[in-house]
Every structure is written in C-alpha cells, then in structure tokens.
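Novice: requesting a structural model of the entry that follows:
(chains A and B)
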2 protein chains.
Amino acid sequence: MNIEMIEAAAGRGRGYIRRTPLLNSPLLDAVAGRRVFVKAECLQVTGSFKFRGAWSAISALAPDVRARGIIAFSSGNHAQGVARAAQMHEVPAVIIMPADAPAQKIANTRAYGAEVVLYDRYTQSREAIGEALAAERGLTLVRPYDEPQVIAGQGTMGLEIAEQAHEAGISKADVIVCCGGGGLTSGTALALEGSALRVRPAEPAGFDDTARSLAAGRILSNDAGRSICDAIVTPEPGQLTFPILKRLAGPGLVVTDEQALRAMALAFLHLKIVIEPGGAVALAAALFNGDDIEGDTVICVASGGNVDPEMFARALDTL
Amino acid sequence: MNIEMIEAAAGRGRGYIRRTPLLNSPLLDAVAGRRVFVKAECLQVTGSFKFRGAWSAISALAPDVRARGIIAFSSGNHAQGVARAAQMHEVPAVIIMPADAPAQKIANTRAYGAEVVLYDRYTQSREAIGEALAAERGLTLVRPYDEPQVIAGQGTMGLEIAEQAHEAGISKADVIVCCGGGGLTSGTALALEGSALRVRPAEPAGFDDTARSLAAGRILSNDAGRSICDAIVTPEPGQLTFPILKRLAGPGLVVTDEQALRAMALAFLHLKIVIEPGGAVALAAALFNGDDIEGDTVICVASGGNVDPEMFARALDTL
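Specialist: Below you'll find the predicted structure:
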C-alpha cells in the first residue's frame, strides 16, 4: 500500500468517482466551538464513500476476470457501491447481505442490478457463503476493507481533502473519519501522510474496537452488542488496515447513538445533507466531544447517507 | 443586464460563493424516464441560491455606502442570504420578515447577525416598511429579485451549470428552475443564452403567475391563495425579470404541493440532499410532469433547503 496506488485509483476513477464538496456553516461552528468542515461523502455515487473502493477494485481487474462477475458481502453501503460499479462496468454482481440490513439498502442494491443473497448475521458466516459462491461461479470477491485496491480507492477521498483544505486555507487540522473495518480511515491516512492533516477514527460506543486497539497497540475485538450505526459495526480492525492506522492515525473518538442522531439533525439543519447514523459519528465527535480534539479547525467525513426514513425522522425528533 | 455583469458577479464571488455540485442517480432517472441532473443549490452558503444575489449586490456597493448597512425584505431565503453576506462584509443588516415565515428561517437570519423586523404579510406592505427604515438609517435596500446586481448574482449559477453540463457530456437539455419573482430564472436564462440549454420556470399550482404570464405575453398576477412552497409564492413576475423570461425562457411547468413533497422524499432517498417545498418544484416537474418535457435529459435546480423538521417529516411520510 502506497500513495502511488491511491493516485492510480484516482486516475481510473476520473469521470466516475464524484468529487464531493467540503461544506461548512457558521451555525455549526458555533455548536462545536471551532471551525468545522464536513466532507460530504453521502453525496458520492450510491450515497456513500464505498463506491470509491468498489470502482477502484473492479476497474483494476483484468477484463476477462472482471467479465465473469463480482461478489461482495456487506451490511449495505459496500453492497450498493459494488453493485453500481459492476453495473457501470457491465458485469454481473452477486451481493451477500444480512437479512436485517436497512430495507432501503437491500432495495437499492437490487435496483443497481445485483443479485442479492440474504443471510442471518448472528448465526451464519458471510465469509464462508461468499467464498463458496465465488468458487462455484468464478466470481471475484471484493472485500469491504481488507483489500489493497479497496483501500487505495477509499484513499482517493483523502487526496480530495488535501486539495480542498488547501483551497479553504486550512493548514492544520484533525481529520475525523467514521471507522468500521478501517478501509476509509487507513486509505485517507495514507493519502494525507506527511501533511499537517492528521486522521483520527470515530466509532459508536460498544464498537470502539479501533480506538481500543490503537490505545493497546494491537488488534482487539468488540463484545457482542447492537448499535443503530449499522454501517460501521465491524468486529475488529482489519489485518491490512490496522498496521496503517497504528503508524499514522491519532487517538480514536467514541460517541453514543444519541449523539450520532443529533449530529444527523444538525447536518440537516445547517448543511442540508442527509447522513446515516454510521456516517454521522465523525461529525458527532466534533460537535459533542470537542474536549478530545485539539486545534481551531476540524474536518469531519460524513461517510454515507443511506438511511431509512423512519430512522431519519428519529434524528429530526432530537431537534 | 448582460452576460458581462454575470461574469463580473462571479469574479467578485470567487472564494465566497460555493460551486454547488450537479448530482444524479440512476434510481431517479428510472422514476423520470429520462436522465435527471440536479443542481444542488440547497448546498449553497445559507442553504439557498439567494446568497449569490445578496453577495453580488453587497459586494458591488461603494465601501462607504455599504458601511452604513443593508436592508432587505424576504420570506426567508433572501433574508438569510443578505444577513450572511452582510456579516461576511462586516456591515449591519436589517431584515424585514413575515411573522409567519418558517421558524427556522427567522432563527437563522438572527444567527447570521441581522436585526429582524417582523410584519403581517396579509395586512402590511413590506415595501413601505423597508423604504421607511432605509431612509431613516441610511441603509441600502437589496431587493429580492427586481435588482440588476441580484439577477447577475443568481446568474452565476447558470455559468456553473454550463460548465458542469459540458463536463457531464450534456449537449442539450431543458433547465428547470424553481420560480418566484424570477431572479434566479432570468439570471440563469441570461447566463445560458445562445446555448442548447433552455431555461423553463417551475411553480406551485395557484402561484403559476410566470407560466400564465409567459403564455399571455404580459405580466399576470395570482389570486390570493396559500401553498407550502413559501419560498416562491410571489404575486407576479418582476418588472426586470419578466422581459428577460419572455425573450429567453420556454413554457412554464406547474406542480402540486403533494408532488413537491414527493420530490423532496425522492431527493432524500436517492441524492441525500435536503430540499424545501419551494426548492423541489423543478425536480417535481421533471419526475411527475414528464409529458410536458422534451428530450432525453433534464437539469433541475434544487434551489433551497431551509425547511422545518415537521415539514420534512411530512415529505418523508409520502414514501
């Protein structure tokens, strides 16, 4: 993994991966007590950053391999990203999704032309199902984060943040990234390596495996639990992503589900973007855990917006 | 009014006016039956295109005139745009707002540092109140649409649409613009004059003064009525804006309040942006009045996103 792979992924993605805006509002700054910039990845193709990694991985395949088709397992955002990237490459996609994923994510994955296979996330292994199907049909498995070309694709967001921070006159800042398996966080950290923009992971309480692993210096897992932040409730940091984070990332930040909902509501009010709970934890950390952040400026990644209307209404009820 | 004024306004706005993204989704295309691109002006500073005209008008004033302060009357979006543009110029602003404007718009206008004066829109004349205050304090009145530098500022959005359409490979399209007094619609029409991008106004039923005026070839007014599309319920087209529209715009499109709410919900689902009812009528026309549109591609302006949570929840209930 290196910056050249990220730049190559950006080149393959030109004209396909959307350059999402860096938004801000003085009304949000007033809540946080410092300048807050939000990288609106919810506006990415398919509504989350996952399209970047999916496009990167699929576009990097040899044409004859790609033509046999793609398989992925995902709680939803990776599913949609892979389905759409495969559709745009005009190759088949099979997506293995938990049966309790948000209805909208399952419906959208099908609408992007993929075949959806549902499994029970509390009793079945998605990895085993995925590998069996891949072998049977000659499909290429695109892993959600522990895959170099996926990390490189997510890192293209970091290249944009570096450019946009420069344009906005931001010379130094913490860059807070919503963190599940660590693909986006590690890719962004690599893209920003050597700059004064330091990446820090944000996670929901009960799924703070990355924060605890960084503090311990080794991979730790979460106990069983539930969170509304379905997009980022992974069991532990990845084998490829964690060493990158250990080398480059600052300390992790942890927020409650309630804080994520309030951040969604404030992004609705002041930025006019739709964020899902798992995509709001970075902004929640900036708005409500300011004591854990240094400096007068923070950049938060709003990593996805694929939320059911009922959950969004719950966020609006916090206003 | 000419293209040079619009280009000059764009020059004065560089680094202050946000270049908003042109978004799309295959899932929205499927609803409309053609390609739909959305110019997300709800992501503009203060949550609507009105900041463009306000910045243009205030930045064009002589410094000593500007320093005495600005006054404006508005149902909300122009209010916020003027308040924030004045605040960024470090000059005072007085905003005259209807007492029944959405609470969030009044609160935000105050949060941008302006003094808010409320009036009853059914019994008092906002023009009379504004002119009296302007004379008394030496303030400069920035009109919401019938003001050349405001029209020029709104036209900067048209310059961006021309660039973004070119980048997206769109050679010919109807550009549907949410239309109240016609400032944004006429400015955009001027910016796109001579191209294959034709501007068409969209309005809510009962406030289709521009559509009827264009059909009649002269300015016609609305009867009294109410609509949830508070941002664009003006009595009639402007004296400056209508001649421009008569010369350059295609036929008007009219949608119901219910269609505007459904368009808000689909923009939430597929684009992850927050649109207010008056900012959703262009998208509603593209999605639900397709028979009135020619060609395989349409560009819709989502002109604002300043909506109360209760109204947004009502839109989500249409899903």
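
Novice: domains of chain A?
Specialist: A:3-49+A:148-316, A:51-141 (automatic domain parsing).

Novice: A:Thr188 and A:Leu214, how far apart?
Specialist: 15 Å (Cβ to Cβ, to the nearest Å). For glycine as for every other residue, the C-beta is placed from the backbone atoms N, C-alpha and C.

Novice: okay, the biggest helix by length in chain A in CSV with CA atoms only?
Specialist: Assignment by DSSP state H gives helix A:148-167 as the longest helix of chain A. The C-alpha atoms that make up helix A:148-167 are tabulated as CSV, following Å, rounded to 0.1, in the frame of the first residue of the first chain:
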residue,chain,number,x,y,z
PRO,A,148,-5.4,-3.2,-1.2
GLN,A,149,-7.3,-1.8,-4.2
VAL,A,150,-10.3,-1.0,-2.0
ILE,A,151,-8.1,0.9,0.5
ALA,A,152,-6.5,2.7,-2.5
GLY,A,153,-9.9,3.7,-3.8
GLN,A,154,-11.1,5.0,-0.4
GLY,A,155,-7.8,6.9,-0.2
THR,A,156,-8.9,9.0,-3.2
MET,A,157,-11.1,10.8,-0.8
GLY,A,158,-8.0,11.8,1.2
LEU,A,159,-6.4,13.3,-2.0
GLU,A,160,-9.6,15.5,-2.4
ILE,A,161,-9.5,16.5,1.2
ALA,A,162,-5.8,17.6,0.8
GLU,A,163,-6.8,19.8,-2.2
GLN,A,164,-9.9,21.2,-0.6
ALA,A,165,-8.2,22.0,2.7
HIS,A,166,-5.6,23.9,0.7
GLU,A,167,-8.3,25.8,-1.2
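
Novice: what helices and strands are in contact with it?
Specialist: helix A:3-13, strand A:22-23, strand A:35-40, helix A:50-59, strand A:173-178, helix A:183-191, strand A:197-204, strand A:297-302 (3 or more Cβ pairs under 8 Å, 6 or more residues apart in numbering or on different chains; DSSP states H and E).

Novice: now with 7 Å?
Specialist: With contacts taken as 3 or more Cβ pairs under 7 Å, 6 or more residues apart in numbering or on different chains; DSSP states H and E, helix A:148-167 sits against helix A:3-13, helix A:50-59, helix A:183-191, strand A:197-204.

Novice: how about residues contacting the second one?
Specialist: So that's helix A:50-59. A:9, A:12-13, A:16-17, A:44-45, A:66, A:70, A:77-78, A:80-82, A:84-86, A:89, A:142, A:147, A:149-150, A:152-154, A:156-157, A:183 (Cβ atoms under 7 Å, 6 or more residues apart in numbering or on different chains).

Novice: and the residues you listed, which of them are buried?
Specialist: A:9, A:12-13, A:17, A:44-45, A:66, A:70, A:77-78, A:80-82, A:84-86, A:89, A:142, A:147, A:149-150, A:152-154, A:156-157, A:183 (16 or more other Cβ atoms under 10 Å in any protein chain shown).

Novice: where does the closest residue to A:Leu22 other than its chain neighbours land on pLDDT?
Specialist: Using Cβ to Cβ, 6 or more residues apart in numbering or on different chains and skipping the chain neighbours, the partner closest in space to A:Leu22 is A:Gln164 (4.1 Å). pLDDT, A:Gln164: 98.

Novice: can you tell me how far A:Gln164 is from B:Leu266?
Specialist: Taken as Cβ to Cβ, the span from A:Gln164 to B:Leu266 is 28 Å.

Novice: check A:Thr185 too.
Specialist: For A:Thr185, the distance to B:Leu266 - Cβ to Cβ - is 32 Å.

Novice: which of these two has more residues huddled nearby?
Specialist: The neighbour count for A:Thr185 versus B:Leu266, taken as other Cβ atoms under 10 Å in any protein chain shown, is higher for A:Thr185 (36 against 24).

Novice: OK, contacts around that one?
Specialist: Counted by Cβ under 7 Å, 6+ apart, A:Thr185 has contacts A:Val177, A:Cys179, A:Val199, A:Pro201, A:Leu245, A:Ala249.

Novice: one more time with 10 Å, if that's ok
Specialist: Contact partners of A:Thr185, counting by Cβ atoms under 10 Å, 6 or more residues apart in numbering or on different chains, are A:145, A:151, A:154, A:158, A:175-179, A:199-203, A:210, A:237, A:241-242, A:244-245, A:248-249, A:252, A:282, A:301, A:303.

Novice: could you do A:Met88 as well?
Specialist: Applying Cβ under 10 Å, 6+ apart, the residues contacting A:Met88 are A:Tyr16, A:Val45, A:Phe51, A:Ala54, A:Trp55, A:Ile58, A:Ser59, A:Tyr112, A:Gly113, B:Pro26.

Novice: now with 8 Å, please.
Specialist: Contacts for A:Met88 (Cβ atoms under 8 Å, 6 or more residues apart in numbering or on different chains) come out as A:Tyr16, A:Trp55.

Novice: again, but for A:Gln239
Specialist: A:Asp146, A:Ile219.

Novice: can I assume A:Gly115 is in contact with A:Ile95?
Specialist: You called it Gly, but residue A:115 is Glu. Yes. At 7.1 Å, A:Glu115 and A:Ile95 qualify as touching, with contact defined as Cβ atoms under 8 Å.

Novice: more neighbours, the two?
Specialist: A:Ile95 (27 against 15).

Novice: now do the SS call for that one.
Specialist: Under the three-state scheme (DSSP: H, G, I helix; E, B strand; the rest coil), A:Ile95 adopts strand.

Novice: now do it, the pLDDT please.
Specialist: The predicted local confidence for A:Ile95 is 95.

Novice: report the contact partners of it.
Specialist: Contacts of A:Ile95 (Cβ under 8 Å, 6+ apart): A:Ile71, A:Ala72, A:Phe73, A:Ser74, A:Ala79, A:Val82, A:Ala83, A:Thr109, A:Ala114, A:Glu115, A:Val116, A:Val117.

Novice: if we use 7 Å, what do you get?
Specialist: Neighbours of A:Ile95 in contact, by Cβ under 7 Å, 6+ apart: A:Ala72, A:Ser74, A:Ala79, A:Val82, A:Ala83, A:Thr109, A:Ala114, A:Val116.

Novice: and what of A:Arg18?
Specialist: A:Leu43, A:Gln44, A:Val45.

Novice: show me which of the residues you listed neighbour chain B.
Specialist: A:Leu43 (Cβ under 7 Å from any Cβ of the partner chain).

Novice: which among the contacts of A:Arg18 gets closest to chain B?
Specialist: The shortest gap between chain B and any of the contacts of A:Arg18 belongs to A:Leu43, at 5.8 Å (Cβ to the nearest Cβ).

Novice: which of the domains of chain A has the lowest mean pLDDT?
Specialist: Among the domains of chain A, domain A:51-141 scores lowest, with a mean of 92.

Novice: end to end, how far does that domain reach?
Specialist: 15 Å (Cα to Cα, to the nearest Å).

Novice: if we can go back for a sec, take the contacts of A:Ile95 and keep only those in strands.
Specialist: Using DSSP state E, A:Ala72, A:Val116 are the members of the contacts of A:Ile95 that sit in strands.

Novice: chain B contacts on chain A?
Specialist: Residues of chain A lying near chain B (Cβ under 7 Å from any Cβ): A:21, A:23, A:27, A:42-43, A:47, A:104, A:108, A:111, A:268-269, A:272-274, A:305, A:309, A:312-313, A:316, A:319.

Novice: go with 8 Å
Specialist: Contact residues, chain A versus chain B (Cβ under 8 Å from any Cβ of the partner chain): A:18, A:20-21, A:23, A:25-27, A:30, A:40, A:42-43, A:45, A:47, A:84, A:87, A:104, A:108, A:111-112, A:265, A:268-275, A:305-306, A:309, A:312-313, A:316-317, A:319.
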